[in-house]
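1. sequence and computational prediction follow.
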Amino acid sequence: MAKQAQTLFLEEWLRSNSGRDGSSGPPFTVSARAIIHAWTELRDSLQNHSFLPNHFQSLRTLFDSQSSLYVADPQARLLLSILSSSNLSLPHESYPLFLRLLYVWVRKSTKPSSVLVDSTVEVVARLFSIQFDSRKSASLFSQGILLLGAFAAVPVASQHSKTVCLELLCRLLEQEYRLIGSSEELIPDILGGIGYALSSSGMAHFARILDSLLGIWSKEGGPCVNISHGIMVLHLIEWVVSGFLNSRSLDKIDVFSKEFMEISRISYIPFAVVMAAAGVLRASSKTVLSGVGLDAVSSLRTCAEERIEAVARDLISKTEGFTNLVNDPEVAFLLQCVSVALVRSGPVSCRAPLLTCLALVLLTEIFPLRKFYTTILNHPRDNLAGMIYEVKEHLGSVLFKEAGAITGVFCNQYVSVDEENKGVVENLIWAYCQDIYLGHRQVALMLRGEEAELLGNLEKVTEAAFLMVVVFALAVTKHRLNSKFTKENQMEISIKILVSFSCVEYFRRMRLPEYMDTIRGVVVSVQENESACVSFVESMPSYADLTNQKGFSSLQKMEYQWYKDEVQTARILFYLRVIPTCVERLPNLTFRKIVAPIMFLYMGHPNGKVARASHSMFVAFVSSGKDANHDERVLLKEQLVFYYIQRSLEGYPGVTPFDGLASGVATLVRHLPAGSPAIFYTIHSLIEKAKNLCGEVFAQEVDMWKNWQGESQPCKKILELLLRLISLVDVQVLPSLLKLLAQLIIQLPKDGQNMVLNEIYSLVAESDDVTRKPTLVSWVQSLSFLCAQATSGSTNSKGLESEENSASTSSIGPLSWNRISARL
């Protein structure tokens, strides 16, 4: 907070802290010559006893330059003379400008003349006491309140002048309060005048002014409430109380405590009480006192916290503990005020009602996604302009901008409340994650490609909601996952966090340390226990749910395609990444019935990242199983391999990512028993796939084989994988692999044979496997001979079509053989 001595214009400071964008425009730039000319014009007006339009324009010039204008005592006398002259007929709209310039004088002058101050008070009092009814306007009222408050706070003013100002200010607030609500931009001026008056008034006027401040919004015809008003009330009380504390005015602190903290008047509107109490907390948290002053501040803080808690309790009782939460604007507004008050008040003691209110404001007011989704789904699709405006307005609201700070206060409150209330808010957050997952799925499918702006703005809200969930989940993890709680309790909360994270995974747009720390913490708890692993896997949507739009009544007329459901895909991707960490503990039956169908389904997903995650899931399962049921798991692995190879190869090239396929094949070859039929099936399937792919290329890209290291075609990649298997398969499978591979290579064109043979030479030469190397050397020699024979046969069958071709082809035999022998 700016110190009181630095707050030149209180109303401008309040306006700048109101949280509203563009609440005050840039200052006007007026030249010094224009200012001098304006003062000259006003002097001429007084001397000529006339106030013409050019004089009003000069007055406007001075008003516009108030941020840089300095009004000395002589200029103040000039203004006062014009204002009190009976020979001048001033237009009604000039009075607020005169009062504003007098206000600039009294606030910027370090030591104004006490006589001039008293004279000005007399003139202003006469203006409002006698002539106000005929000149009544909101601007005159606001400038009058501001000026009267400022005069009451001037040290050189006589006690009589101060009393006159305070009495008149109280009367105007009590009788003319309806003028306050007629112009929103004037409220900071009125609050500024009230602030000045509170800082300098005695007990009698203090109570009346405070009554007006805290009760004026509840009066019929008074201003309408909004969060910006509440924030200004907060900072107004902060400024007043800071002044009392900094000046060690314990008597004024005592008066404030009695009038506000200890007396609860029916006329006080709850939102103003909450914000005023927050202002007390904010001021007291930044002031260091000792002795009696410290006791007074401690008592003041306790009372302020109790006032906020009382409003929170009343909110909870009205809504039956929020189990019967209805669309009540008053409840919604008070929730907003409580949250902003707690954010801006500094450190606050932990109290259960505050935690509950913060949870509700986060879920219903700051991230009102459930309300947005319901409105959109129940609204005609061709008439969503109102929702576009509402969501955009929400993104620019004070409350949404405070989302991060409110989440921080919420987590701080959570840490210190009792376990019962912790459990209540935890369940609220986890249920919210489920709700926004279901809601956003439907809305995204409905709006995709049609309302990009609305969907984009909704996802800005969901991204912020994701951050809130992550920060809260980390706080829960730190609190719950320790030795104070049973293993069962830790597993239960870990599963809830993982399920909730899966629901909001689509909204994750960045890598967060808090996210990764939470995942690591909860996964450890889950992977240690079989029942926890099973519970987590069973929380995954079923295959039937994934492939049907069951329960989406608003989308019945749309054709549902599971792979286009991006929200659902993100959730399944989360499961595909987490389940491998606990697959060792997962029973075979659970994997076969729940995980395998979904794994195979998403292997066919067009998004490469999702397909790779499915292959990684397969790799994790095939490489697992060092338990008592090893034989059963091996049998299941072999059963799954057949469909895995079929599913993978039918999508290659195109959908199946080669790196995922290669990883899966290498893993199954390593981990299945030696001589497993599944391995033979895999090799046969790969050979057939390679034949088909190479056959397609022969007629189209004859030059492809001339550069093996160039851009790899699908058939090259499959051949590379087969060559890699030479060093991976067990010796029982190796002969079959070599035979099938030889048959495939012989069918390749001459360039293809040479390229593949070169790769095999390198592979065999670099091998240090003494068991299989002799077999490989013999096989390569035979394969080279067969290739040479095939080439010769091909040449003979062509006859003597070309002499050049004949010479080139016949040269391959002996030369190739010598080269082979030398390299081996």
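-> Here it is on my side, so go on.
2. what about Ile269, how many neighbours?
-> 20 (other Cβ atoms under 10 Å). Yep, even glycine has a C-beta here, placed from its N, CA and C like the rest.
3. which non-adjacent residue is nearest it?
-> Using Cβ to Cβ, 6 or more residues apart in numbering and skipping the chain neighbours, the partner closest in space to Ile269 is Ser218 (4.3 Å).
4. then Ser50?
-> Nearest non-adjacent residue to Ser50 (Cβ to Cβ, 6+ apart): Leu88, at 7.1 Å.
5. quick one: contacts for that neighbour?
-> By Cβ atoms under 8 Å, 6 or more residues apart in numbering, the residues touching Leu88 are Ser45, Leu46, His49, Ser50, Phe51, Ile82.
6. got a ChimeraX select line for the buried ones in the residues you listed?
-> Buried residues within these, by 16 or more other Cβ atoms under 10 Å, are selected in ChimeraX with:
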select :45,46,51,82
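7. which members of the contacts of Leu88 are positioned in helices?
-> When DSSP state H is applied, the contacts of Leu88 are split such that Ser45, Leu46, Ile82 fall in helices.
8. am I right that the last one is in contact with Leu97?
-> Put plainly, it is Ile82. No. Contact criterion Cβ atoms under 8 Å: Ile82 and Leu97 do not qualify, at 10.9 Å.
9. which stretches of the stretch 251-400 of the chain aren't confidently modelled?
-> Filtered on pLDDT under 70, the stretch 251-400 of the chain yields the residue ranges 262-264, 288-293, 320-326, 380-382.
10. all helices for it, in order.
-> In the stretch 251-400 of the chain, the segments counted as helices under DSSP state H, counting those that start in this stretch are 270-285, 292-318, 329-344, 352-361, 369-377, 385-395, 398-401.
11. hang on, the earlier thing: closest one of the contacts of Leu88 to Ile194?
-> Nearest to Ile194 among the contacts of Leu88, counting by Cβ to Cβ, is Ile82 at 27.9 Å.
12. do you know how far the closest residue to the closest one other than its chain neighbours is from Thr40?
-> In space, and not counting its chain neighbours, Ile82 is closest to Leu46: 5.4 Å by Cβ to Cβ, 6+ apart. To Thr40, Leu46 is 11 Å away according to Cβ to Cβ, to the nearest Å.
13. and for Lys773?
-> 108 Å.
14. okay, the two: which has more neighbours?
-> Taking neighbours as other Cβ under 10 Å, Lys773 and Thr40 compare with Lys773 leading, 14 against 11.
15. OK, contacts around the residue lying closest to that one once chain neighbours are set aside?
-> Among residues not flanking Lys773 along the chain, Ser767 sits closest, at 5.2 Å (Cβ to Cβ, 6+ apart). If you count contacts by Cβ under 8 Å, 6+ apart, Ser767 has them with Ser727, Lys773, Leu776.
16. which of those residues fall within helices?
-> Those of the contacts of Ser767 lying in helices (DSSP H): Lys773, Leu776.
17. between the contacts of Ser767, which is closest to Gly202?
-> Of the contacts of Ser767, the one sitting nearest to Gly202 (Cβ to Cβ) turns out to be Ser727, at 95.7 Å.
18. that closest one and Asp769 touch, don't they?
-> Yes. If you go by Cβ under 8 Å, Ser727 and Asp769 touch, sitting 6.8 Å apart.
19. thank you, goodbye.
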